[in-house]
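**Student:** sequence first, predicted model second:
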Amino acid sequence: MKITYQPIGILRSPFTQLEQMPIQPSGDSSSPGFARIYPEYLAGLQDLDGFSHLILLYHFHQVTSVKMLVTPYLDSEPHGVFATRAPVRPNSIGISVVRLIGLEQDKLQFADLDVLDKTPLLDIKPYIPDFDTPEDSRIGWLEQDSKDVKTIKSDDRFA
């Protein structure tokens, strides 16, 4: 089975190199940015401006390898790639929750963006706390280290 996706737009950010980029949208160095949506998808933006946050799905366009074991930014021990948010995945799909600042024609403006400039955008979904924030969640190996996400930036370990 072959699966193909077409970008619906392009993400623009101030991050042109991995070393500048935060590792998650909640990092202190996350930034404003925007998406340009391609004309054939503009009708899909109707009613999106009523949501405060969006889930962006995108293609890690500069990843060149796949690894099943990775040492993530927030730990010094290797973990299975599916237990991390590392980009070196069998399918190079990334996810970020961003704050929607504005919507003008083909341009969505965000806060808290954590992607490289010119990242292909695959999909947009509204963030809905009642759907997306389970009350009984656990965060596995991250229990002790997740608060460090505010200060850690990306590096070339997953390039």
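**Tutor:** Here it is on my side, so go on.
**Student:** rest of the way, CA atoms for contacts and neighbours
**Tutor:** OK.
**Student:** for stretch 63-76, what is the average pLDDT?
**Tutor:** The average pLDDT for stretch 63-76 rounds to 84.
**Student:** what's the answer for stretch 127-140, then?
**Tutor:** On average, the pLDDT along stretch 127-140 is 79.
**Student:** quote the end-to-end distance of it.
**Tutor:** 23 Å (C-alpha to C-alpha, to the nearest Å).
**Student:** how about the spatially most central residue of the chain: what's its closest non-neighbour residue?
**Tutor:** Geometric centre of the chain, nearest residue: Ser96, 2.9 Å, by C-alpha atoms, centre = their mean. In this structure, Ser96 finds its nearest non-sequential neighbour in Leu56, 5.2 Å apart by C-alpha to C-alpha, 6 or more residues apart in numbering.
**Student:** same check, this time on Arg89
**Tutor:** Nearest to Arg89 is Val66, by C-alpha to C-alpha, 6+ apart, at 5.3 Å.
**Student:** residues near that neighbour, how many?
**Tutor:** 17 (other C-alpha atoms under 10 Å).
**Student:** what helix or strand is the residue nearest to Ser96 located in?
**Tutor:** Element membership of Leu56 [criterion: DSSP states H and E] is strand 53-59.
**Student:** against which helices or strands is that strand packed?
**Tutor:** Applying 3 or more C-alpha pairs under 8 Å, 6 or more residues apart in numbering; DSSP states H and E, we find strand 53-59 packed against strand 93-104, strand 119-126.
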